[in-house]
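> Show me the folded form of this:
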Amino acid sequence: MDRRKLEALVRFIVARRGRKWIGRIELVKLVFLMDYECFRRHGSTLTRLEYVQHPLGPLAWEIVATAQEMPDVAERSFTTLKGHRAYSYYLTDHPAAEALDALSEAERRVAEHVFAEWGDEWWEAILEHVHSLPFVEQFECGEQVDWSAFVEEEDLVMTEEARERARARLEAVREKAGQQGAPDDESPHGWTDEGAAEMSENAQLARYSLGRLAADS
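Prediction:
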């Protein structure tokens with residue numbers, strides 16, 4: 001693990017959210033997407049973290065531990081209406097213009113690109129995107145994510161038809177977010193077995209519904 005680069009990404013993500021708290025799921029998934037995009041472009045990840053497949057997607061607990069240990073990042077915990085313990089983060093020393101100083105120029109572009117595309121999305125949209133990646137889908141729950149299994153065909157060089165299907169899936173998730181709302185942009189699920197099981201079931205239903213939507217479009 002490259003602790004210095006991981007801290008840089010955590011600080012950058014939390015700082016870019018401005019005065020808004022960012023949920024644990026969003027934080028973990030954005031770091032993963034930055035690692036994924038860096039590997040896709042340059043053949044190596046930013047953080048050198050070892051991810052394990054989880055019902056909520058690839059997880060590296062070092063991301064959470066690092067955020068908790070950073071003196072300029074505050075963590076809050078609370079119990080949701082469903083009784084789950086949830087966590088979110090906020091940068092106490094705001095802003096952090098130098099957050100990405102630990103990265104090369106190419107690595108900075110990766111981080112900025114991923115955040116520009118996904119940093120302000122609702123947490124379920126980010127989660128749906130991560131789950132839809134062919135690279136992620138090949139690993140079973142509890143299995144370590146093996147970056148050597150990444151193949152050139154997953155370079156996201158998409159046909160226009162595939163792009164339209166992806167847009168349809170994302171718009172469906174956005175529409176759901178607009179209908180249901182999400183107080184404080186916080187997920188109702190913490191990293192607990194109970195919450196993960198419920199989220200896994202919901203994700204399966206969502207993928208089925210979105211697949212039907214894409215097939216009919």
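> Thr47 should be in a helix, yeah?
No. Read with DSSP: H, G, I helix; E, B strand; the rest coil, Thr47 is coil and lies in no helix.
> Tell me the secondary structure at the residue lying closest to it once chain neighbours are set aside.
Once flanking residues are discounted, Thr47 sits nearest to Leu6: 4.6 Å by CB to CB, 6 or more residues apart in numbering. (C-beta placed from N, C-alpha, C; glycine too.) Following three-state DSSP, Leu6 is assigned to helix.
> For Ala102, what is the enclosing helix or strand?
Here Ala102, judged by DSSP states H and E, is contained in no helix and no strand.
> mind listing what it touches?
4-5, 7-8 (CB atoms under 8 Å, 6 or more residues apart in numbering).
> and which of these is nearest to Tyr51?
Lys5 (15.1 Å; CB to CB).
> and the closest one, what is it in contact with?
Neighbouring residues of Lys5 by CB under 8 Å, 6+ apart: 46-47, 102-103, 107.
> Distance of it relative to Arg76?
Using CB to CB, to the nearest Å, one obtains 25 Å as the distance from Lys5 to Arg76.
> Need the residues that contact whichever strand or helix holds Glu62.
Element membership of Glu62 [criterion: DSSP H and E] is helix 61-69. Residues from elsewhere that reach helix 61-69, judged by CB under 8 Å, 6+ apart: 1, 3, 6-7, 10, 14, 24, 27-28, 31, 49, 73, 75, 87, 89, 191.
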